[in-house]
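**Student:** Fold the following for me, if possible:
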Amino acid sequence: MRSLLVVHAVDRPGGAEMALLRAAPLLAERGWRITMTSPSGRRPADAPESVTWRQQPVGGMGRGQGLAALLAYRRFRALAAEHDVTLLNGTVPARLLPALRPPGRPAARIATRVAVHLHDMVERVPRFWDAADVLLADSRACARPVAQRLGREIAVTGCPVDLDPPAIPPPWTPDGRPIVAFVGRIEPRKGPLDLLRAADAITGAAPRTRIVVVGDDPYGSDPAYVRAVERQAGAAGVERWPWQAAGPSLLRHVDVLVVPSRREPFGTVAAEALAAGVPVVASAVDGLVEVVEDGRTGRLVPPGDPVSLAHGVVWALRERLLLGDACRASAQRWSREAVAERIDAALRGAPVPEPESPADALSRAATGHAGAGTPEDA
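**Tutor:** Now for the predicted structure:
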């Protein structure tokens, strides 16, 4: 059995951490003994029982906070030396890479295969990332600037989603009216204000529609923006609900999901909606264009354009019953099995097939050819 060390940047799992937590049981089935770390060492409730948990400081994003990572180099080297592969899960944990691959000191390198998993759209690519044995990215959009800067291939894995989440009741009382929802963090990058500004146009064209905004600002990143969302929601008659722990299950009760992000490395909530047969109206940015196919599984619209967003939502409401099968077929690319298979291959140094495009996924489903993670493979 091979051992894998995964270093996370935060104690409270976000999207990047949840992706590896979801994949962990399937990686264990493929022969990996997994240890994960967080800055405090507190084991999150979402951690699978098979995963051992340890403490590893990585520093924060603020000025001068990288010093914590530098001070932890010796401890980290000892921990990594106990494992066959070390996966630095994100750009913040990646600052530990020189501890394992000291520049200009090949004799001091730790004998562990090192991977860096990129979950963000990065503008500045540190040259020392090239010391990693393998670089993984959530999407082609994530991979592109890194590949161009370093002149090497990046393994594109995507993020795993549950194709059949358990049924739960929604926080709102269903009344037969269609639900248009935003589900995510309340912050400028996610763009929920764009949906609120489009609300009157949506309900004007589809009067029976209920619009709901689900989420919070868990990191307190922009309180002023949260207040603006609350004011606009009240003025537009939009329902506000706090963050729901069972987000994928919640999407079963949604008719159209709106993802109006200004930047989005992948768009896990969009893939989760597709898995539930829900069409997605999303900004045509970054990884979202790799998840949503315009006209077949939803609509792609210009970011920051409430008028185009409203048109897309009204179209999706009208066509939603015809789009369900295509949405579910497209989401097969992001099943836990498919993503775990790609991560496993990258960690072992095997070739990693890129995820299909939306069009290819739908074409395969239409012709009855199974792909990774489809029922025919079970």
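**Student:** All the helices of the stretch 201-350 of the chain, residue numbers only.
**Tutor:** 223-236, 247-250, 268-275, 288-291, 306-331, 336-348 (DSSP state H, counting those that start in this stretch).
**Student:** Return the most buried member of these.
**Tutor:** By mean neighbour count, with neighbours taken as mean count of other Cβ atoms under 10 Å, helix 268-275 ranks first of these at a mean of 29. All C-beta spots, glycine's among them, are computed from the backbone N, C-alpha and C.
**Student:** what does it rub up against?
**Tutor:** By Cβ atoms under 8 Å, 6 or more residues apart in numbering, the list of residues contacting helix 268-275 from outside reads 15, 18-19, 158-159, 161-165, 183-184, 247-248, 251, 254, 257, 259, 279-280, 282, 288, 291-292, 297-298, 327-328, 330-331, 334.
**Student:** so which of the helices of the stretch 201-350 of the chain gets nearest P178?
**Tutor:** Proximity to P178, assessed across these by Cβ to Cβ, is greatest for helix 306-331 (5.8 Å).
**Student:** before we move on, back to that, and of the helices of the stretch 201-350 of the chain, who's closest to C142?
**Tutor:** Closest approach to C142 among those is made by helix 288-291 (9.8 Å; Cβ to Cβ).
**Student:** and for the closest one, what are the contacting residues?
**Tutor:** Under the contact criterion Cβ under 8 Å, 6+ apart, helix 288-291 has outside partners 139-141, 259, 261, 264, 266-267, 270-271, 274, 280, 282, 300, 330, 334, 355, 357-358.
**Student:** 6 Å - rerun?
**Tutor:** S139, E264, G267, A270, A271, A282 (Cβ atoms under 6 Å, 6 or more residues apart in numbering).
**Student:** now, the most widely separated pair of those residues?
**Tutor:** Farthest apart among those by Cβ to Cβ are S139 and A282. That separation is 13.1 Å.
**Student:** out of those two, which sits in the more crowded spot?
**Tutor:** A282 (31 against 25; other Cβ atoms under 10 Å).
**Student:** what ranges of the stretch 51-200 of the chain fall below the confidence cut-off?
**Tutor:** For the stretch 51-200 of the chain, applying pLDDT under 70 flags the ranges 60-66.
**Student:** quick one, helices of it?
**Tutor:** Using DSSP H, counting those that start in this stretch, the helices of the stretch 51-200 of the chain run over 67-71, 73-80, 97-100, 140-150, 192-205.
**Student:** I'd like those laid out as a markdown table, including distance to I179 and mean neighbour count.
**Tutor:** What follows is the helices of the stretch 51-200 of the chain, written out as a markdown table (distance: least, Cβ to Cβ, whole Å; neighbours: other Cβ atoms under 10 Å):
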| stretch | distance to I179 | mean neighbour count |
| --- | --- | --- |
| helix 67-71 | 44 | 15 |
| helix 73-80 | 46 | 16 |
| helix 97-100 | 44 | 20 |
| helix 140-150 | 29 | 18 |
| helix 192-205 | 12 | 21 |
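**Student:** ok, now which ones touch the residue nearest to L323 when sequence neighbours are not counted?
**Tutor:** Spatial nearest neighbour of L323, excluding adjacent residues (Cβ to Cβ, 6 or more residues apart in numbering): P279 at 4.5 Å. P279 makes contact with V256, G298, A316, R320, L323, C327, according to Cβ under 6 Å, 6+ apart.
**Student:** I'd like to know how far the third one sits from L26.
**Tutor:** Okay, so that is A316. Using Cβ to Cβ, to the nearest Å, A316 is found at 32 Å from L26.
**Student:** can you map out the strands along the stretch 1-150 of the chain?
**Tutor:** For the stretch 1-150 of the chain, the strands defined by DSSP state E, counting those that start in this stretch occupy 2-7, 32-38, 52-55, 85-89, 113-118, 134-137.
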